[in-house]
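> Take a look and give me a structure for this.
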Amino acid sequence: MTDLPPLQERLRFAEFTLDRLANGRCRARVVLTWQDTERFVGEAEGLASQAGELRCAAEATVIALTDAVKNSLKFEMLGVKAVRAFDATVVIVSLAVHGDERAQRLVGSYLTDTDFARGAALSVLHATNRILGNRFFMR
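Here you go, the predicted model:
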């Protein structure tokens, strides 16, 4: 029996940075990888408030995803919010995906108590992994 490397069927979250700028804005950068050979980078800028940083991080992830699917799908950010529930903070994101036949609404979430902006980026991936896994597996 030989040890085969695990089959990577989906995009992986590789890097995340959020910089708070002196002008009251923030800049998020997200890097996604596919099979350790392809990298997709998304960058977004927004207001340096809690809500602004969540949206900025989620938008950067949406931009990286759009690059990864070579514009075959259009992702639209509908909303992102951090909610206190079950003695923890849950970051929830709502997306619309426009593609092959009709628009589809997706929701993703991530449980965190430390880095809400990073949680927003991961929420976008959690929302889209099911539909994107099949697209990448069929490449």
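
> what about Arg118, neighbour count?
20 (other CB atoms under 10 Å). Backbone N, C-alpha and C define where each C-beta goes, glycine included.

> mind listing the strands for the protein?
Here the chain has its strands, by DSSP state E, at 12-20, 25-34, 38-47, 74-85, 88-98, 104-112.

> who does the longest one pair up with?
The strands that strand 74-85 pairs with in its sheet are strand 88-98 (antiparallel) (by DSSP bridges).

> Can you mark which positions in the partner strand are buried?
By neighbour count on 16 or more other CB atoms under 10 Å, the buried set for strand 88-98 is 89-95, 97.

> any weak-confidence spans in the protein?
1-9, 100, 133-139 (pLDDT under 70).

> these two touch, right, Leu11 and Leu132?
Yes - counting by CB atoms under 8 Å, Leu132 is a contact partner of Leu11 at 6.3 Å.
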